[in-house]
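S.K.: how would this look folded up:
(one chain, ligands or ions: 2)
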Amino acid sequence: MNFSLFGQDLAIDLGTANTLIWMRGKGVELNEPSIVAFDRNSKRIIAVGHEAQAMVGRTHRDINTIRPLRDGVIADFEIAEGMLRAFISKISARWQPARKVVICVPSGITEVEKRAVRDSAEHAGAKEVYLIAEPMAAAIGVGLNVHEPVGHMIVDIGGGTTEIAIISLSGIVIDESIRIAGDELTAVIVRYFRSAHNIIIGDRTAENIKCKVGSLVPLEEEIYFEVRGRDLMSGIPKMIEVTSIELREVLNEAIKPIIEAVLALLEKTPAELSADIFERGIILTGGGALLKGLDVRLQQETSLPVTIDEDPLTAVARGTGIVLENLEYYSSVLLKSKRS
Ligand code: ADP
Ligand code: MG
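M.R.: Ligands and ions are numbered 1, 2, ... in the order given. Predicted coordinates for the structure are as follows:
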């Protein structure tokens, strides 16, 4: 085992909500929220991942928490790079720069944005950087044979973006990326409670409600739950009772742009590939795929079979890891981009 002398080979899923790092020969070694807490004045990073997440909404004026990836691309380079370094050093016994790094990026990314991701990985110590489109990584993670001349449809719903793509012959035939995904659903819940119940709730509370109570189709047993927040008028803490039925309408409305984008891409799909997708259906990955009833809703709207990956939150990272372990075999799926 001489790779330790040269640092580890890594596969990185730098998501808007979560960062996952796969280490060659080991699998997913890190899975933490893409959040950084830093000192406003010195810009020094104080905490990353779970530790930084616990500080969100509870900081004082010298500390700020941000999600440097927000809309799928790096919004703050310096901080994103620092976060990546901190994550890598967490899983390496001793700080050693990584050798080969495969890193996935949204499919609609521009040449400039590709450069930024590549630079960040290089600054974090990578010697060779390979890029792969997220839907392609998801397809490989799910276990599809992406080299065959058969169409597959992937819908990856993350925090900041939903990526929809048709894959065939090692490439992306057509794709669409929209900035409506899990975060937007959470934001819709916050806005709903404010306008309908005059109660202000935090993002964490709203996200909890979404994951535990949110559903797009009737539940066998509807859920009654308590929501705690601050009264909009009086400013004092308040508690109300809500049902999963009430929340359903709000979520079904919010999910519409995703369904419309899927339908629009199906319309643009070449006929031969349409026939494949008619048979094989749609595969859902990303944390957003866990929203209860999303598969049923998509199936109703498209009349296609819909499958949710067994572990949608790790599909992209697993696929990126498989590519790292078999770089030769998967060389044709890597994104071509100019190096300086
Ligand atoms: P990214 O790739 O952008 O980092 P992820 O694939 O990690 O995103 O998914 C994160 C999103 O999934 C978040 O918006 C989160 O709220 C959502 N999510 C996670 N679990 C659930 C669940 N059980 N129900 C609904 N949404 C969920
Ligand atoms: Mg993702």
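S.K.: any idea how far stretch 107-117 is from the chain center?
M.R.: 17 Å (C-alpha atoms, centre = their mean, to the nearest Å).
S.K.: Give the buried residues for it.
M.R.: Along stretch 107-117, these residues count as buried under the neighbour rule (16 or more other C-beta atoms under 10 Å): Ser107, Gly108, Ile109, Lys114, Ala116, Val117. Heads up, the C-betas are built off the backbone N, CA and C, glycines and all.
S.K.: export those to a markdown table and tack on pLDDT, secondary structure and distance to Val333?
M.R.: Written out in a markdown table, the entries for the buried residues of stretch 107-117 read as follows (pLDDT from 0 to 100; DSSP: H, G, I helix; E, B strand; the rest coil; distance: C-beta to C-beta, whole Å):
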| residue | pLDDT | secondary structure | distance to Val333 |
| --- | --- | --- | --- |
| Ser107 | 85 | coil | 12 |
| Gly108 | 80 | coil | 17 |
| Ile109 | 82 | coil | 15 |
| Lys114 | 88 | helix | 15 |
| Ala116 | 85 | helix | 21 |
| Val117 | 87 | helix | 17 |
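S.K.: Show me which residues of the stretch 51-200 of the chain sit near ligand 2.
M.R.: Applying the criterion C-beta under 5 Å from the ion, the portion of the stretch 51-200 of the chain that neighbours ligand 2 consists of Gly158.
S.K.: For ligand 2, what's the nearest residue on the stretch 51-200 of the chain?
M.R.: When distances are taken as C-beta to the ion, the stretch 51-200 of the chain approaches ligand 2 most closely through Gly158, which lies 3.8 Å from it.
S.K.: show me what contacts the closest residue to that residue other than its chain neighbours?
M.R.: In space, not counting the residues next to it along the chain, Gly158 is nearest to Gly286; the distance is 4.5 Å by C-beta to C-beta, 6 or more residues apart in numbering. Residues in contact with Gly286 (C-beta atoms under 8 Å, 6 or more residues apart in numbering) are 138, 155-158, 162-163, 181-182, 312-313, 315-316.
S.K.: who wins for neighbours among these?
M.R.: Within the contacts of Gly286, most neighbours by other C-beta atoms under 10 Å means Val316, with 33 neighbours.
S.K.: Wait, a helix at that residue?
M.R.: Yes: note on Val316: a helix contains this position according to DSSP: H, G, I helix; E, B strand; the rest coil.
S.K.: Name the nearest residue to whichever residue of the stretch 101-250 of the chain sits closest to ligand 1, sequence neighbours excluded.
M.R.: Ligand 1 sits closest to Gly182 of the stretch 101-250 of the chain, with a gap of 2.0 Å, by C-beta to the nearest ligand atom. For Gly182, the nearest residue in space outside its immediate sequence neighbours is Gly288; the separation is 4.3 Å by C-beta to C-beta, 6+ apart.
S.K.: out of everything not next to it in sequence, what's closest to the residue of the stretch 201-340 of the chain found nearest ligand 1?
M.R.: Nearest residue of the stretch 201-340 of the chain to ligand 1 (C-beta to the nearest ligand atom) works out as Gly287 at 2.2 Å. Closest residue to Gly287 in three dimensions, ignoring its sequence neighbours and counting by C-beta to C-beta, 6+ apart: Leu313, at 4.9 Å.
S.K.: distance of the closest residue to Val142 other than its chain neighbours from Gly160?
M.R.: Distances taken as C-beta to C-beta, 6+ apart place Asp309 nearest to Val142, at 5.2 Å, with adjacent residues excluded. Here the distance between Asp309 and Gly160 works out to 19 Å (C-beta to C-beta, to the nearest Å).
S.K.: And for Leu327?
M.R.: Taken as C-beta to C-beta, the spacing of Leu327 relative to Gly160 amounts to 28 Å.
S.K.: These two - which one has more neighbours?
M.R.: Using other C-beta under 10 Å as the criterion, Leu327 and Gly160 rank with Gly160 on top: 23 against 14.
S.K.: so when I look at Ile209, I'm seeing a helix, right?
M.R.: Yes: checked against three-state DSSP, Ile209 lies within a helix.
S.K.: Let me know the pLDDT of the most centrally placed residue in the chain.
M.R.: Using C-alpha atoms, centre = their mean, the residue of the chain that lies closest to the mean C-alpha position is Gly158, 3.2 Å off. The confidence metric pLDDT takes the value 96 at Gly158.
S.K.: residues contacting it?
M.R.: Residues in contact with Gly158, defined by C-beta under 8 Å, 6+ apart, are Gly15, Thr16, Ala17, Gly72, Ala181, Gly182, Gly286, Gly287, Gly288.
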